[in-house]
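**Student:** Pasted the sequence and its predicted model underneath.
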Amino acid sequence: MLNPVTRKFQAKATIAGVEKDTRSMRTAETMTSPKHQEPHSKVGDFMRDAILGFADGLTVPFALTAGLSAVGSIRIVIVGGLAELFAGAISMGLGAWLAVDSDRKAYYVEEAREKLEVRNCPEKEEEEIYEIFEQYHISRESSKGVVDGLKVNPDVWVQFMMDFELKLERPNSHKAWISALVISVAYFLGGLLPMIPYFIYKNILHALYTSIGVSVVVLVLFGYGKAIVIGQKKRHAVYSAIQMLAIGTLAAGASYGIVAGVNASKIGRGSS
């Protein structure tokens, strides 16, 4: 009797001879068992982008505004905070776009190389398939049917190698721009929250203390919620909340202390 894992790969390879646009061998289990559901996290790439942007937005602008508060001018805090907020959002977005776009280009370069190898060196590529199955402790005899099924369709053969040999995921053509937008907006929203008190209060200390209070609450809620969203247990969510609060507090405290020290010194005041 064939290994259960082999049966799933073999079924997929058979279907591949008819369906040339089949995306990945990794969907075989879902296709053969449509009613089976597993409690895996459903957090997608864009949710991770939002978490990354919001986390940085909460930490960096909060630390900057807290540090600038040591100067004693609300206007300086607002101007400096907004400058960092816009610059940070744009920078984060562009960085995300470049990263995703680079991954997309790298994928197609590797795909083109893999197509050449399948066409020019089929024996070598066939041997690599057997080696992949051997990593799952599947014998050559058991995996031969799958290999023969993949050889029927070169496109699916290439896709199999991209998925299991190179472990690269086919990129979404619109993902780069969407990822950039999600990170930028999340960063801006996360950074705007600690700044709101500075638009309300005229006394900088009142604004600073309120900003700290708002930031503490948001950091804790965000750290806890982030862990719950990605599927962690409540115990780990509490740890995530404490971790997020500690990072934000450390960054803000260090920033405030450095700016206060520089402001108290003669740096930038010229000679007397």
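**Tutor:** Nice, thanks for sending it over.

**Student:** so where do the helices sit in the chain?
**Tutor:** Chain-ordered helices for the chain, with DSSP state H as the definition, fall at 4-16, 28-32, 45-68, 74-120, 122-134, 140-152, 154-164, 175-192, 196-200, 204-229, 234-264.

**Student:** Quick one: mean pLDDT for the third one?
**Tutor:** Summarised as a single mean, pLDDT over helix 45-68 is 84.

**Student:** And that helix, how far out from the chain middle?
**Tutor:** 14 Å (C-alpha atoms, centre = their mean, to the nearest Å).

**Student:** try the last one
**Tutor:** Using C-alpha atoms, centre = their mean, we find the averaged C-alpha position of helix 234-264 to lie 22 Å away from the chain's own average C-alpha position.

**Student:** which strands and helices sit next to it?
**Tutor:** Contact analysis of helix 234-264 by 3 or more C-beta pairs under 8 Å, 6 or more residues apart in numbering; DSSP states H and E lists helix 45-68, helix 204-229 as its packing neighbours. Where C-beta positions appear, they are placed from N, C-alpha and C, glycine not excepted.

**Student:** Give me whichever of those helices is most buried.
**Tutor:** For these, ranked by mean neighbour count under the definition mean count of other C-beta atoms under 10 Å, the leader is helix 45-68 at a mean of 22.

**Student:** Mind giving me the packing neighbours of that helix?
**Tutor:** Using 3+ C-beta pairs under 8 Å, 6+ apart as the contact criterion, the secondary-structure elements in contact with helix 45-68 are helix 74-120, helix 175-192, helix 204-229, helix 234-264.

**Student:** let's see 10 Å
**Tutor:** Helices and strands in packing contact with helix 45-68 are listed as helix 74-120, helix 175-192, helix 196-200, helix 204-229, helix 234-264; criterion 3 or more C-beta pairs under 10 Å, 6 or more residues apart in numbering; DSSP states H and E.

**Student:** right, and the ones you listed - which one's nearest G149?
**Tutor:** For the helices and strands packed on helix 45-68, proximity to G149 was assessed by C-beta to C-beta; helix 74-120 is nearest, at 14.5 Å.

**Student:** What's the mean pLDDT across the closest one?
**Tutor:** Per-region confidence: helix 74-120 scores 92 on mean pLDDT.

**Student:** quick one: that helix to chain centroid distance?
**Tutor:** The mean C-alpha position of helix 74-120 is separated from the chain mean by 11 Å, C-alpha atoms, centre = their mean.

**Student:** Give the buried residues for stretch 76-96.
**Tutor:** For stretch 76-96, burial by neighbour count (16 or more other C-beta atoms under 10 Å) applies to V77, I78, G80, G81, L82, E84, L85, G88, A89, M92, G93, A96.

**Student:** can I assume the fourth one is in contact with P61?
**Tutor:** Yes. G81 is within contact range of P61, at 5.8 Å (criterion: C-beta atoms under 10 Å).
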